[in-house]
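>>> Mind folding the following:
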Amino acid sequence: ARAWDTPPASLADIGTGAGFPGIPLKIVWPKMALLVSDSIGKKTAFLRHIVSALELEAVDVVTARAEALGRDPAYRERYDGVVARAVAALNVLSEYCLPLCRIGGRFAAPKGPEGAAEALEARRAIGQLGGRPRAVLPVQLPEVEQRTLVVVDKVRATPREFPRDVGVPSKRPL
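Coordinates of the predicted model:
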């Protein structure tokens, strides 16, 4: 939530697993449209149950790889915000997430204590994908090591060749 001054109208949570951080953000921002996506069907089946049990509205649960979503016109550059956690290194994560973020939107990635170094290392990839690093914010959680939140503004369209085919971003990072 610290990545946005006001709640985004729409948010995509990529590689969501059990729905974190997307589902808690939806509870905090109930008017926000939410996409939660994971490539594993068991996880998305669980999420459909959670969405139903919590009676959440305007939540789209999708079983898909991030690379496929980023190439699909129904999802590409449609979201005010994109979040992803514990999915990949920031340069790879940027290729998964920035194609989904609209120009003027924001991408936020929770990272460990080395978030600032990872953001510096991913700077070229972020720029190539249409983003501009905004901030690396310290996050202190009780009983957890120091964390960071890397925030990236989407400043121009992601070139059509991104994201690359399934598996390529992680095998050949930008």
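
>>> Please save the CA atoms from the longest helix along the chain in CSV.
With secondary structure taken from DSSP state H, the chain has its longest helix at helix 41-53. Below are the C-alpha coordinates for helix 41-53, written out as CSV (Å, rounded to 0.1, in the frame of the first residue of the first chain):
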residue,chain,number,x,y,z
GLY,A,41,-4.2,-24.5,-11.0
LYS,A,42,-4.3,-25.7,-7.4
LYS,A,43,-3.4,-22.3,-6.2
THR,A,44,-6.0,-20.5,-8.3
ALA,A,45,-8.7,-23.0,-7.3
PHE,A,46,-7.9,-22.1,-3.7
LEU,A,47,-8.1,-18.4,-4.5
ARG,A,48,-11.5,-18.8,-6.2
HIS,A,49,-12.7,-20.4,-2.9
ILE,A,50,-11.2,-17.5,-0.9
VAL,A,51,-12.8,-14.9,-3.1
SER,A,52,-16.2,-16.6,-2.9
ALA,A,53,-15.9,-17.1,0.9
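
>>> tell me what it is packed against?
If contacts are counted by 3 or more CB pairs under 8 Å, 6 or more residues apart in numbering; DSSP states H and E, helix 41-53 sits against helix 22-28, strand 33-38, strand 59-63. All C-beta atoms are positioned from the backbone trio N, CA, C, and that covers glycine.

>>> Return the most buried member of these.
With neighbours defined by mean count of other CB atoms under 10 Å, none of the helices and strands packed on helix 41-53 is more surrounded on average than strand 33-38, at a mean of 24.
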